[in-house]
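K.L.:
Sequence and predicted structure are below.
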Amino acid sequence: MCGIIGVENNDNAAIITLSGLLTLQHRGEESAGITISGEEKMKTFKAMGLVSSVFNEDVLINNFPGTAAIGHVRYTTSAKSSLINAQPFQISCIHGNIAVAHNGNITNFLEIKQMLLKKGAIFSHTADTEILLHLIAMAKGSFADVVVDSLRKLEGAFSLVILKDKTLIGARDEHGFRPLVLGKIDDSYIISSESAAVEVIGGTYIRDIKPGEVIVIEKGLIKKSFSYKKLKKQNTCIFEQVYFSRSDSIMFGQTVKEARVKMGEYLANQMKDIKADIVMPVPDTGYFAALGFSRTSNILFENGFVRNHYVGRSFIKPSQHLRDLTARLKLRPIKEVVNGKKIVLVDDSIVRGTTSKRLISILREAGAEKIYFVLSCPPIIGPCYYGIDTPSEEHLIAANNSVEEMIKYLDVDKLIFLSLENLIKACSCSFDNKKENVFCTSCFTGKYPTKISKNTYKKGC
Ligand code: AMP
């Protein structure tokens, strides 16, 4: 998963992009980068690590004059966790200086890469995003036409910000798998993965970039906005609202917080006969669902974990060993809260089951009498091909075990998943007042909205 942002027509382009990246840090902690363009030549600075350790005032103010910028934070276990794949990617080609930042996964990457290699293309990265730059460099016509021609060749998930000199382009694949929003501050447009990154700097969220939309922004104006491919049906990732996105971002007409509260309410309605002493969230993502559960069930909300904020998300680490270590450091139970209690423990999801198992064992050590483990989404049974780094099927606990087996493995007294129907209801809000399901739910159903074969690439950004 990754976070992207772009801004143009602003003397503070670098600072706005930096603030955006800090706000999108949860979408990727491995590397961070900014490309800036203005009167001086376009330049990119990127490095491994958190945004705050990559960029300091000196790097920004002294090295980054310019009025248009794009930025990227990256997380992937894919194409090697190394500087070479940190984005934005910047190139110089027949069309000028171009930089791109991508969130998603181009599923026909391997096929296109083979075709490009045969034509003599030289690759310097291993990430899927690079093919887009090759396609752009080889195409002829106006820059917008070149981008459209190139996008039409791509399949899968891509939310993109592209910078060419001082022109900012945003694009979203025709399914709208990954989020992308349009915002404004003063005379400048901003394009970002999430609305929180626009609002944090005092900007205003305007709307979502539509699935299949390309938007070209120049000198503070939307020069063009059009659909490069007709969409059959929107398939926006529902897991963004379950886990990935910030609670203060707006999705489908409500904050993600609101969707999560509803997930908790629906869960409580699914288990009306439950008797427990406390409802307790697994921080941070379980927080709002636990609140919704508590309000609906009238069971006391209690915070029984202390979270170490200096340790990142446990999943966002490239190896199991690092994940294990980080999870241990991250959460400690408060004995007085959990000792002798019947606990409704609310988390967003179970993936491999390893973090959950560890958490439950430390809760047992702290004296929890009963643990009713409640998840704000259905069991994850299929890998994601559209940018969320879920492991392959053999590592997904729910793909290989029945609920009874999971109860035994996790050592819980009950295990309840939010039904898919209720999840969709919680996330839908007022989307154009339409009742149809506009979500990709493939990780819960194993039914994918695009063709999946053994050549399908899965490890994007
Ligand atoms: P586990 O079941 O041990 O693999 O870990 C599940 C935890 O990881 C959940 O509590 C989520 O908060 C978090 N999580 C779920 N999916 C992802 C993902 N794709 N990337 C990062 N973290 C995730």
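P.N.:
Ah, there it is.

K.L.:
Name whatever forms a beta bridge with the residue nearest to residue 195 when sequence neighbours are not counted.
P.N.:
With sequence-adjacent residues excluded and distances taken as C-beta to C-beta, 6 or more residues apart in numbering, residue 195 is closest to residue 205, at 3.9 Å. (Glycine included, C-beta is placed from N, CA and C.) Legend: beta-bridge partners of residue 205 under DSSP bridges are residue 183.

K.L.:
Could you report the neighbour count for residue 205?
P.N.:
19 (other C-beta atoms under 10 Å).

K.L.:
For it, list the residues it contacts.
P.N.:
Shown in contact with residue 205 (C-beta atoms under 8 Å, 6 or more residues apart in numbering): 181-183, 195, 198-199, 250.

K.L.:
just for the protein, where's the confidence low?
P.N.:
In the predicted model of the chain, residues 61-62, 76-81, 312-320, 323-325, 327, 430-436, 460-461 satisfy pLDDT under 70.

K.L.:
again, 80 this time
P.N.:
56-64, 76-81, 230-232, 311-328, 429-437, 459-461 (pLDDT under 80).

K.L.:
what's the longest strand in it?
P.N.:
strand 96-106 (DSSP state E).

K.L.:
Mind listing the strands that one pairs with, and their directions?
P.N.:
With DSSP bridges as the test, strand 96-106 pairs up with strand 89-93 (antiparallel), strand 156-164 (antiparallel).

K.L.:
from memory residue 187 sits against residue 221, does it?
P.N.:
No - the pair residue 187 / residue 221 is not scored as a contact, 9.0 Å apart, by C-beta atoms under 8 Å.

K.L.:
Show residues contacting stretch 103-119.
P.N.:
1-4, 27, 123, 128-129, 131-132, 134-135, 138, 153-160, 173, 177-178, 180, 193, 384-387, 450, 452, 455-461.

K.L.:
Going through these, which ones are buried?
P.N.:
Buried by 16 or more other C-beta atoms under 10 Å: 1-4, 27, 128-129, 131-132, 134-135, 154-160, 173, 177-178, 180, 193, 384-387, 450, 452, 456-461, out of those.

K.L.:
Report the residue ranges of every domain in this structure.
P.N.:
Domain assignment of the chain by automatic domain parsing yields the ranges 2-232, 257-430.

K.L.:
From what I see, residue 249 and residue 200 are in contact.
P.N.:
No - Residue 249 is not in contact with residue 200 according to C-beta under 8 Å; the separation is 10.3 Å.

K.L.:
Compare these two (neighbour count), which wins?
P.N.:
Relative neighbour count places residue 249 above the other of residue 249 and residue 200, with 25 against 18, counting by other C-beta under 10 Å.

K.L.:
how much space between that one and residue 389?
P.N.:
Residue 249 sits 20 Å away from residue 389, going by C-beta to C-beta, to the nearest Å.

K.L.:
Could you tell me which residues of this protein lie near the ligand?
P.N.:
Neighbours of the ligand within the chain, by C-beta under 6 Å from any ligand atom: 243, 282, 285, 313, 315-316, 347-356, 388-390.

K.L.:
mind redoing it with 8 Å?
P.N.:
Applying C-beta under 8 Å from any ligand atom, one finds that the chain approaches the ligand through 1, 75, 239, 243-244, 282, 285-286, 313-316, 323, 327, 347-358, 380, 384, 388-390, 397.

K.L.:
Show me those that map onto strands.
P.N.:
residue 347.

K.L.:
Of the residues of the chain next to the ligand, keep whichever come out buried.
P.N.:
1, 75, 239, 243-244, 282, 285-286, 313-316, 323, 327, 347-358, 380, 384, 388-390, 397.

K.L.:
Check whether residue 256 really touches residue 241, as I assumed.
P.N.:
Yes - in this structure residue 256 lies within contact range of residue 241 using C-beta under 8 Å: 5.3 Å.

K.L.:
And those two? Which one has more around it.
P.N.:
Taking neighbours as other C-beta under 10 Å, residue 256 and residue 241 compare with residue 241 leading, 32 against 26.

K.L.:
so who does that one touch?
P.N.:
So residue 241 contacts 251-252, 256, 259-260, 426-427 (C-beta under 8 Å, 6+ apart).

K.L.:
Mind listing the residues bridging to residue 68?
P.N.:
Applying DSSP bridges, one finds that residue 68 bridges with residue 37.

K.L.:
tell me the contacts of it?
P.N.:
6-10, 13, 36-38, 163, 165-168 are the contacts of residue 68 under C-beta under 8 Å, 6+ apart.

K.L.:
Quickly find the element holding residue 169.
P.N.:
strand 167-172 (DSSP states H and E).

K.L.:
List the contacts of that strand.
P.N.:
With C-beta under 8 Å, 6+ apart as the test, strand 167-172 has contacts from 6-8, 68, 70, 143-144, 147, 151, 158-163, 178, 180, 182, 189, 191, 209-218, 223, 228.

K.L.:
now the strands for the stretch 1-150 of the chain?
P.N.:
With DSSP state E, counting those that start in this stretch as the criterion, the stretch 1-150 of the chain has strands at 2-7, 31-37, 43-48, 68-74, 89-93, 96-106.

K.L.:
Check the burial of residue 248 by counting its neighbours.
P.N.:
Based on other C-beta under 10 Å, the number of other residues close to residue 248 is 14.

K.L.:
Does it touch residue 259 like I think?
P.N.:
No - in this structure residue 248 lies outside contact range of residue 259 using C-beta under 8 Å: 11.9 Å.

K.L.:
Any chance of the contacts of residue 68 in TSV with neighbour count as columns?
P.N.:
Below are these laid out as TSV (neighbours: other C-beta atoms under 10 Å):
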residue	neighbour count
6	31
7	34
8	28
9	19
10	21
13	29
36	27
37	28
38	19
163	28
165	17
166	18
167	19
168	27
